[in-house]
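Asks: Below are the sequence and a predicted model for it; my questions follow.
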Amino acid sequence: MTGRNAGRNAGRNKEQQDGPRDPRTTLALLWGEQEKPTRGPKPKLSPERIAAAAAELADAEGLDAVSMSRVAAGFGVSAMALYRYVPGKTELVALMVESVLADAPELAGVRDGDWRSAVRAWTRQCAHVYAAHPWLLGAIAMRRRLMGPCELRWLDTALAALEPTGLGAAQRHQVFLLLIGLVRNLAQQRGDYDAEEDAEWDRLSGELLARHADRFPALTKAIAEGVFDPAGIDPLDFGLDRILDGVEALVAGRE
């Protein structure tokens, strides 16, 4: 076995064994607090460059296509060379999330105290990021986990936008979860949509309901009225308005 092949196999084995490590390692990478060598040649790569390249690959081919060896090949180096900067795919995905969330939500044009407009602007910008990077849906889990400064800034901005409501911190966080849940739900629908399958579903369902219309009268009536073709309805605006109306009612009730 040549040294080059040995290096490739070592990289492949390391990638296959990649799994959870000390969370402090991930935090140090996300926050740029990892120890940096004080001697030796200047590093040719950086975690940021590697994450940006991996995010581009995920944009083009999906998150499953991202591997240390695949990203390394884009730089013309071996997978083992990347492990000098990023311990494995777990940390790489966390850095990718930071990379695409680097641009903070812009609410500067919203009047002070106009929380509805601020929340609307935040949500639409968040939805735009998810639409531009569909792999985010799989990369960001809806549970407590380690986050970097860019991702935390999005959460911080959302909570700040809701401060004029006068709601408590826990309630504002629950509103944030409703908003991000709406964004993720619509992103999931986009990811699952297939025009050909949708057309086939319409045809088969139409034939089925035509035979069993008496068993599902409300559904049959709704389909006849265009339930699955809501012309003129933006699902993001519709869902967002319902959430904001609910928050407004909650605020009014408190007052």
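Replies: All right, it came through fine.

Asks: contacts, neighbours, all on C-alpha from now
Replies: Will do.

Asks: Which strand or helix spans residue 206?
Replies: Using DSSP states H and E, residue 206 falls within helix 195-211.

Asks: roughly how far out does whatever helix or strand comes next after that helix sit from the chain middle?
Replies: From helix 195-211 onward toward the C-terminus, using DSSP H and E, the following helix or strand is helix 217-224. Here the centre of mass of C-alpha atoms in helix 217-224, compared against the chain's by CA atoms, centre = their mean, to the nearest Å, lies 35 Å away.

Asks: Packing partners of helix 217-224?
Replies: With contacts defined as 3 or more CA pairs under 8 Å, 6 or more residues apart in numbering; DSSP states H and E, helix 217-224 has no packing partner among the helices and strands.

Asks: what angle separates that helix from helix 195-211?
Replies: Inter-element angle recorded for helix 217-224 and helix 195-211: 130 degrees (by axes from the mean of the first three to the mean of the last three CA atoms, to 10 degrees).

Asks: Would you indicate which residues of the next helix or strand after helix 217-224 are buried?
Replies: Using DSSP H and E, the helix or strand that follows helix 217-224 in sequence is helix 235-254. With burial defined by 16 or more other CA atoms under 10 Å, the residues of helix 235-254 counted as buried are 236, 239, 240, 243, 244, 247.

Asks: residue contacts, residue 55?
Replies: Counting by CA atoms under 8 Å, 6 or more residues apart in numbering, residue 55 makes contact with 96, 99, 100.

Asks: most surrounded residue in those?
Replies: The residue in these with the most neighbours, by other CA atoms under 10 Å, is residue 96 (25 neighbours).

Asks: contacting residues for it?
Replies: Contacts here follow CA under 8 Å, 6+ apart; on that basis residue 96 touches 51, 52, 54, 55.

Asks: mind checking the SS state of it?
Replies: Counting by DSSP: H, G, I helix; E, B strand; the rest coil, the backbone at residue 96 sits in helix.

Asks: Listing request: residues of the stretch 151-255 of the chain with sub-threshold pLDDT.
Replies: Per-residue confidence of the stretch 151-255 of the chain (counting by pLDDT under 70) places the weak regions at 255.

Asks: Could you report the pLDDT at residue 19?
Replies: At residue 19, the predicted lDDT confidence score is 55.

Asks: In a markdown table: the buried residues of helix 235-254, plus distance to residue 68.
Replies: Conversion of these to a markdown table gives the following (distance: CA to CA, whole Å):
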| residue | distance to residue 68 |
| --- | --- |
| 236 | 36 |
| 239 | 39 |
| 240 | 38 |
| 243 | 41 |
| 244 | 42 |
| 247 | 44 |
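
Asks: Go ahead and name everything in contact with stretch 144-163.
Replies: 23, 26-27, 30-31, 94, 97-98, 101-105, 115, 118-119, 122, 169, 172-173, 176.

Asks: Correction: the previous question concerned stretch 233-248.
Replies: Contacts of stretch 233-248 (CA under 8 Å, 6+ apart): 116, 120, 124, 175, 178, 179, 182, 183, 186.

Asks: a markdown table please, covering these and showing neighbour count.
Replies: Below are these laid out as a markdown table (neighbours: other CA atoms under 10 Å):
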| residue | neighbour count |
| --- | --- |
| 116 | 20 |
| 120 | 20 |
| 124 | 17 |
| 175 | 21 |
| 178 | 15 |
| 179 | 25 |
| 182 | 19 |
| 183 | 24 |
| 186 | 18 |
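
Asks: from these, which two are the most distant?
Replies: 116 and 186 (20.2 Å; CA to CA).

Asks: Out of the contacts of residue 96, which end up buried?
Replies: By neighbour count, with 16+ other CA under 10 Å, the contacts of residue 96 hold 51, 52, 54, 55 as buried.

Asks: Can you name the helix or strand that the third one falls in?
Replies: When you say that, I think you mean residue 54. Assessed by DSSP H and E, residue 54 sits inside helix 47-61.

Asks: ok, and for that helix, which residues are buried?
Replies: 47, 48, 50, 51, 52, 53, 54, 55, 56, 57, 58, 59.

Asks: Give me the spatial nearest neighbour of the fourth one, chain neighbours excluded.
Replies: The spatially closest residue to residue 51, leaving aside those adjacent along the chain, is residue 96, at 4.8 Å (CA to CA, 6 or more residues apart in numbering).
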